Each structure stands twice: as C-alpha cells, then as structure tokens.
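Colleague: Any chance you can model this:
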Amino acid sequence: MKKIDQWVIIENMWIKRDFFFHFYQGIFHALRRFSIRNWIFAGVGILGVVFFSIAYFHFKNKDSQAAQDAFYAATEVFQAELKSVPADSQKVNVEVQFAKTIAAFTNVAKQFSKTYPAFESKISLGSLYFDYGLYEKSLTWYQHAYDQAPSVLEKSMASYALALSHESLGKFSSALEYLKKALSYAEESFKPDIYFSMARCYEALNQIQEAKLTYEKVYQDYSQTRYAQRARVFNDRLDSSKPTK
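Modeller: Residues are numbered from 1 along each chain as shown. You can find the predicted model right below:
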C-alpha cells in the first residue's frame, strides 16, 4: 500500500503559509495610510485572520495525522486477520474472516472522508473483495475511490481498478471505457499495463484487429522496455490463431 510522502505534505503546508505571509504583508502596506482608529479596527480583524490561519493549519495537520494513524492501524488489523486465512481461499467468508478489517477501513473512509488515507482505505476495501472474487462489491468501493480521487494519478489508479472488476465480471465494453479513462490520466510508465488490459478486452469482444493494433502500439512505443517482447508474443499468438483457409 502506498505510503504518504511526508515531504510533499510539508511542502504543501509551506506553500500555503507563504501565501498567507504575502496576504498579510499586503494588508500592512495598505494600513500605513490608516488613522489610529482604523488601525485598531484593522488590528482586531487581522488578529482574527491570524487566529483562523493558525487554527486551520493546526487542525488540518492534526486531522491528516489522525487519518494516517487510523489507516496504518487498519492495515495492521488486516495483516493480523490475514494470518488465519485457510489455504483454500474459496472457503473464505470475507465478511466474517475480515470483519474487523472491513470495519476499520470503513471507519477511516467515513471519519476522514476528504483525506488521502480515506482514498487508500476505499482502494484497500475494493482490493480485498476483488482478491476473493467478490467483484460486484469491489466495484462499489472502487467507484467511491474514483469519485474521491485527490489527483489525476489516483484517478488513473481507481479507473484501472474499476476496469479490472468489470473485466472479471465479463463486462468487457464497460472495462474498456474505464481503461480509456485510466489511459487519459496515467503516467507514461503505467500505460503499457493499461494497453495490455485493453487488448485482452478487445480479444474477449472478438475485436481481433483492435487487439493487434494495441499490442503493436506497445512494442513500437515501448520497444526498449520489458513490455515489448511480451506484446510481440501476444500479437503473434493472434496471428497463429487465425483459421487457415
């Protein structure tokens, strides 16, 4: 599971504080022309803004830390419950076996709804259900994650997860829609995996030419990567599977 980058949080905090610094500086320059009475009124107003700003950063940071702590606690609950899972995963009742895990991640998602740990919790719940073949339930949580994704990178992640759930349910057209969304948001390094998923869906829909074009794009655009050879193998397989006349 992805760990939150503390340096990114710190950098964002200082960007916001720098904004407030220039905001206050502008106010003080304007107040140089004020009378004593106006200074008093303005001073009270500035103190109110300063107090609000300090309170905002204090509680925002506190809320973020609490969300992270709750998320990591939930992952520990999951690891503990995972140890007692029987070897035959087909016999696992997810709602019973992972009852505490589901409750813990759900609590993070609800209590800290606008934080990154809430997004991670929704992805974690979706993945838990997905791993045990409960694709309909995984769709619900992946959709919640998609709706709350804090940036395009997370949007891509949630779109891809939704696509895999749809693909596993045999809904290949729906899967392609989400894969195209994932592709539009994704970083370059993530795109080959998305293309492979798209090709699989095209094959399942018997759109062989589209599948071949997708594999060809991978080995042409990513010729110096490990994906190229695999794309050639799959593309050649499609050629060899054509019925002979």
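
Colleague: out of everything not next to it in sequence, what's closest to residue 163?
Modeller: residue 178 (3.8 Å; CB to CB, 6 or more residues apart in numbering). Just so you know, the C-beta spots here come from the backbone N, C-alpha and C atoms, and that holds for glycine as well.

Colleague: That neighbour: how many residues sit nearby?
Modeller: 25 (other CB atoms under 10 Å).

Colleague: and if you look at residue 202?
Modeller: Using other CB under 10 Å, residue 202 has 21 neighbouring residues.

Colleague: And the next helix or strand past the helix or strand harbouring it?
Modeller: Element membership for residue 202 (DSSP states H and E) is helix 191-204. Later in the chain than helix 191-204, the nearest helix or strand by DSSP H and E is helix 208-221.

Colleague: got the angle for that following helix vs helix 191-204?
Modeller: Orientation check (axes from the mean of the first three to the mean of the last three CA atoms, to 10 degrees): helix 208-221 against helix 191-204 gives 160 degrees.

Colleague: what's the next helix or strand after helix 208-221 packed up against?
Modeller: Once the chain leaves helix 208-221, the next helix or strand it forms, by DSSP H and E, is helix 226-240. With contacts taken as 3 or more CB pairs under 8 Å, 6 or more residues apart in numbering; DSSP states H and E, helix 226-240 sits against helix 191-204, helix 208-221.

Colleague: Give the rounded mean pLDDT of helix 226-240.
Modeller: Per-residue pLDDT over helix 226-240 has a mean of 89.

Colleague: and the residue nearest the centre of the chain, how far is that from residue 131?
Modeller: Geometric centre of the chain, nearest residue: residue 154, 3.1 Å, by CA atoms, centre = their mean. With the distance defined as CB to CB, to the nearest Å, residue 154 ends up 20 Å from residue 131.

Colleague: rewinding a little: which strands and helices sit next to the helix holding residue 202?
Modeller: Using 3+ CB pairs under 8 Å, 6+ apart: helix 191-204 touches helix 152-168, helix 172-185, helix 208-221, helix 226-240.

Colleague: one step back: which one of the helices and strands packed on helix 226-240 is the most hemmed in?
Modeller: Across the helices and strands packed on helix 226-240, averaging neighbours per residue (mean count of other CB atoms under 10 Å) puts helix 191-204 on top, at a mean of 20.
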